[in-house]
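Undergrad: Pasted the sequence and its predicted model underneath.
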There are 2 protein chains.
Amino acid sequence: MAPSGTESRRVTIHDVARSAGVSRQTVSRALNDKGEIHGSTKQRVLDAALALGYRPSRFARGLVRQDTISVGLVIPDLLNPFFTEVAAAALEAARARGWHVLVYDTADSADEERGTLEVIASQVDAVVGYFSRPEDEIEKLTRGVPVVLIDRERRTDRFSSIRIDGEDGVRAAITHLAAAGHRHIGMLDHAGRAEPSVRHAWFAAATAACGLDAGPVRRADQSVEGGESALAALLAEHPEVSALFTFNDIMAIGALRAARRLGRRVPRDLAVIGFDGLRLGTLVEPPLSTVALDTRSLGALAVEQAGRLLTGGEPLGPDELVVRAELRLRESG
Amino acid sequence: MAPSGTESRRVTIHDVARSAGVSRQTVSRALNDKGEIHGSTKQRVLDAALALGYRPSRFARGLVRQDTISVGLVIPDLLNPFFTEVAAAALEAARARGWHVLVYDTADSADEERGTLEVIASQVDAVVGYFSRPEDEIEKLTRGVPVVLIDRERRTDRFSSIRIDGEDGVRAAITHLAAAGHRHIGMLDHAGRAEPSVRHAWFAAATAACGLDAGPVRRADQSVEGGESALAALLAEHPEVSALFTFNDIMAIGALRAARRLGRRVPRDLAVIGFDGLRLGTLVEPPLSTVALDTRSLGALAVEQAGRLLTGGEPLGPDELVVRAELRLRESG
DNA sequence: CGGCAATTCGTGAACGTTCACGGGAGCGTT
DNA sequence: AACGCTCCCGTGAACGTTCACGAATTGCCG
């Protein structure tokens, strides 16, 4: 059947044409279901194509008809459920538009991110995702392609960004904890960057607004283990802490584990509120309270904006490129 | 700066050449860091390219140098942690080879799967993933491209498949339960296909080998909710059941929830053992015992075989295309 | 000053497909 | 018999890039 295996010259439309005794154009007509072709010849061409194992070149095809659009989705760690949810949403939005999505997992490594960016510009029509590299470098490496940054500020004619606004949600969370009588609220921040996160700033503002002293903050790895050990350390230093806010749900789940290990009952001895609103939070025991954000619309927004930058349509403004987080109370706090 | 926004003709290498006062080839040399070009002209070309917002066409480039390889990864549901882990492994394996991966989430829908298959053959060099459609249809739609099926049998020169062998692992699990004194072991099977799953066959064989009667089986949706409601129904009908094996970990986690809701303590009143070995299983309470399989090597194997089919190398044989599952005991059973 | 090599650059061709156009065969109408 | 129409089918061109080759310029050495 198909002449596979041995390395040889590619089977082209020309070979099929010769084999079927017709011209290239007729082969093209047969394969693309265009009209202007006799039923019998069409069948003959199709048979010949199958017999030769012909497969059209996507490059040649893409070169002449400029229709297929593909976007690159860059994710630091697909195994992190938060990014998984965003990726799933982006995939769905892209599918609805008939786009193709190339996914790149940078493994939380700045080097891998660089390598990805280097290669990506020549492979996709637009880039969407999370980046940690300095902006001018991203700008240089993605030469020409529209870029949509998630959870990071940057706006030019080619760059766009989706802002995550958790200010109200975090304030609601802290207010809730304060109302429940908690006076010492700690936080587990992430340790990725040098400076404290924006979420920490929201936390600090919220505690101040509630008339509380600034609670102790500990930086941790963005993982369950990171949250687990960080909470243990924090409680060892500040045993008076009775409530906890974390940078994200993953770390909060680690905190839950640490609390269980330390014999602190949640939420009685320690109230825990995370950030992200992962589905995963409903599976742990007790179910995790969280400042939830709509990952679905996050991914969808990013793709939508990429499309607008791409087609030259009216891009969304800063007011529309925001995803707001809101407090979702479950049992842990 | 870059002439973005307005829809116009594409900026080609020719435009850059004219703007810089050189030939196409010189532009190509400058952009691809080839030698045979003077430093100053190179810079001049680069400046001109930047000013015009030039971006090489991946189609034209791909047409002439046949180096870029991209594979399509088809997944029923990226939000299912099992598939996420496989996808992450596949991405990593592909990255190591310098390949690009186009990810398609078929949303567990046969129609979406069909749509994906239709479009995929003309966009990738190989296909890897999970499929539910009949084989002859897959064969017809993927005309020409090598395909690697995961957890499904099929072997021709173009098709390959990765087998999941959980026989020993499941037998170990059931043996363990029987040794702990359980006489009535139920199972939650999946409800996707018409016929019972292979995992059910392993389960049945294992119970028989332990000298137990065939335990009650209930079919359920592949989700936490599915497992939750199915266990409730199973226990209502068969209250004597004291141990449970499930088609996968997700359903097992649902079973854990149901048990808690019903006041059955795990593992004292009900022992639970899942299948898959998800990381997620370590986060729930109690940690889930499971017949674990190495998702990492699963994804890596699939990509490896795709590569061999693609380059005409010696493909892996059936004995190598197997991922064995082994019992991993934690607290739930 | 001639010759030769090294360096730098340009020209035709090729990659494999589709688009625009034109042409021939067959049939019916006037 | 001439004309027009429909139905098929083929030919040149174009898409945008890189490759193979040749030409022009420069520098060096005898």
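TA: The structure has been received and is ready for your questions.

Undergrad: Count the residues that sit near whichever residue of the stretch 151-300 of chain A sits closest to DNA strand C.
TA: Scanning the stretch 151-300 of chain A for the residue nearest DNA strand C gives A:Arg158, at 28.3 Å (criterion: Cβ to the nearest atom of the strand). Placement of C-beta: from N, CA and C, glycine included. Burial of A:Arg158 is recorded as 20 neighbouring residues (other Cβ atoms under 10 Å in any protein chain shown).

Undergrad: Likewise for A:Val119?
TA: Applying the criterion other Cβ under 10 Å, we find 18 residues in the vicinity of A:Val119.

Undergrad: So which other helices or strands are in contact with the strand or helix carrying it?
TA: Taking DSSP states H and E as the definition, one finds A:Val119 inside helix A:110-120. Helices and strands touching helix A:110-120, by 3 or more Cβ pairs under 8 Å, 6 or more residues apart in numbering or on different chains; DSSP states H and E, are strand A:70-75, strand A:100-105, helix A:135-141.

Undergrad: list the buried ones in that helix?
TA: Judged by neighbour count (16 or more other Cβ atoms under 10 Å in any protein chain shown), helix A:110-120 contains these buried residues: A:112-113, A:115-117, A:119-120.

Undergrad: Among those, which one sits closest to A:Thr246?
TA: Minimum distance to A:Thr246 across those is 24.8 Å, recorded for A:Glu113 (Cβ to Cβ).

Undergrad: List the contacts of the closest one.
TA: Contacts for A:Glu113 (Cβ atoms under 8 Å, 6 or more residues apart in numbering or on different chains) come out as A:74, A:76, A:106, A:131-133.

Undergrad: Please tell me how far it sits from A:Thr142.
TA: As defined by Cβ to Cβ, to the nearest Å, A:Glu113 lies at a distance of 12 Å from A:Thr142.

Undergrad: Ok, A:Ile174 next?
TA: Per Cβ to Cβ, A:Ile174 is found 38 Å from A:Thr142.

Undergrad: what's the answer for A:Phe82, then?
TA: From A:Phe82 to A:Thr142 the distance is 24 Å (Cβ to Cβ).

Undergrad: Helix, strand or coil: sort out A:Gly215 for me.
TA: Using DSSP: H, G, I helix; E, B strand; the rest coil, the three-state assignment for A:Gly215 comes out as coil.

Undergrad: Let me see the confidence value for it.
TA: Reading off the confidence values, A:Gly215 has pLDDT 90.

Undergrad: That one and A:Met187 touch, don't they?
TA: Yes. Counting by Cβ atoms under 8 Å, A:Met187 is a contact partner of A:Gly215 at 6.1 Å.

Undergrad: who has more neighbours, these two?
TA: The neighbour comparison of A:Gly215 against A:Met187 (other Cβ under 10 Å) goes to A:Met187, with 26 against 22.

Undergrad: ok so the more buried one is a strand residue?
TA: Yes. Assessed by three-state DSSP, A:Met187 belongs to a strand.

Undergrad: bridging residues for it?
TA: Applying DSSP bridges to A:Met187 gives these bridge partners: A:Val217, A:Phe245.

Undergrad: That one contacts A:Thr246, correct?
TA: Yes. With contacts counted by Cβ under 8 Å, A:Met187 reaches A:Thr246, the gap being 6.9 Å.

Undergrad: related to what we said a few turns ago, I figured the residue of the stretch 151-300 of chain A closest to DNA strand C was touching A:Pro146, is that so?
TA: Yes. In this structure, A:Arg158 is within contact of A:Pro146 by Cβ under 8 Å, at 5.6 Å.

Undergrad: any common contacting residues for these two?
TA: Counting by Cβ under 8 Å, 6+ apart, the residues touching both A:Arg158 and A:Pro146 are A:Leu309.

Undergrad: which one of A:Ile174 and A:Thr142 has more residues nearby?
TA: Legend: neighbour count by other Cβ under 10 Å for A:Ile174 and A:Thr142, higher for A:Ile174 (29 against 22).

Undergrad: Just the helices from chain A, written as ranges.
TA: For chain A, helices defined by DSSP state H occupy the ranges A:13-20, A:24-31, A:39-52, A:58-64, A:81-97, A:110-120, A:135-141, A:167-179, A:198-209, A:224-237, A:249-261, A:295-311.

Undergrad: Relative to B:Arg10, which of the ones you listed is closest?
TA: helix A:58-64 (11.0 Å).

Undergrad: before we move on, back to that, the helices and strands packed on helix A:110-120 into TSV, with extra columns for mean neighbour count, distance to B:Val303 and mean pLDDT?
TA: Formatted as TSV, the entries for those read as follows, by neighbours: other Cβ atoms under 10 Å in any protein chain shown; distance: least, Cβ to Cβ, whole Å; pLDDT from 0 to 100:
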stretch	mean neighbour count	distance to B:Val303	mean pLDDT
strand A:70-75	25	18	96
strand A:100-105	24	13	97
helix A:135-141	15	26	89
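
Undergrad: picking up where we left off before, quick one: common contacting residues for A:Gly215 and A:Met187?
TA: Residues touching both A:Gly215 and A:Met187 (Cβ under 8 Å, 6+ apart) are A:Phe203.

Undergrad: interface residues of chain A facing DNA strand C?
TA: Listed as neighbours of DNA strand C in chain A under the rule Cβ under 7 Å from any atom of the strand: A:9-10, A:12-14, A:24-25, A:27-28, A:31-32, A:34, A:54-57, A:60-61, A:63-65.

Undergrad: same thing but 6 Å
TA: For chain A, the contact set with DNA strand C under Cβ under 6 Å from any atom of the strand comprises A:10, A:12-13, A:24-25, A:28, A:32, A:56-57, A:60-61, A:63-65.

Undergrad: Go through those and say which is closest to chain B.
TA: A:Leu63 (4.1 Å; Cβ to the nearest Cβ).

Undergrad: so that closest one touches B:Phe59, yeah?
TA: Yes. Checked against Cβ under 8 Å, the pair A:Leu63 and B:Phe59 is within contact range at 4.1 Å.

Undergrad: of all the helices of chain A, which gets the most neighbours per residue?
TA: When the helices of chain A are scored by mean count of other Cβ atoms under 10 Å in any protein chain shown, the highest mean neighbour count falls to helix A:249-261 (a mean of 25).

Undergrad: how about that helix against chain B, any contact?
TA: Yes. Contact between helix A:249-261 and chain B is present through A:253, A:257, A:260 (criterion: Cβ under 8 Å from any Cβ of the partner chain).

Undergrad: now that helix, how far from the centre of its chain.
TA: Relative to the centre of its chain, helix A:249-261 is centred 24 Å away, using Cα atoms, centre = their mean, to the nearest Å.

Undergrad: tell me what that helix is packed against?
TA: On a contact count with 3+ Cβ pairs under 8 Å, 6+ apart, helix A:249-261 meets helix A:81-97, strand A:185-190, helix A:224-237, strand A:243-246, strand A:271-276.
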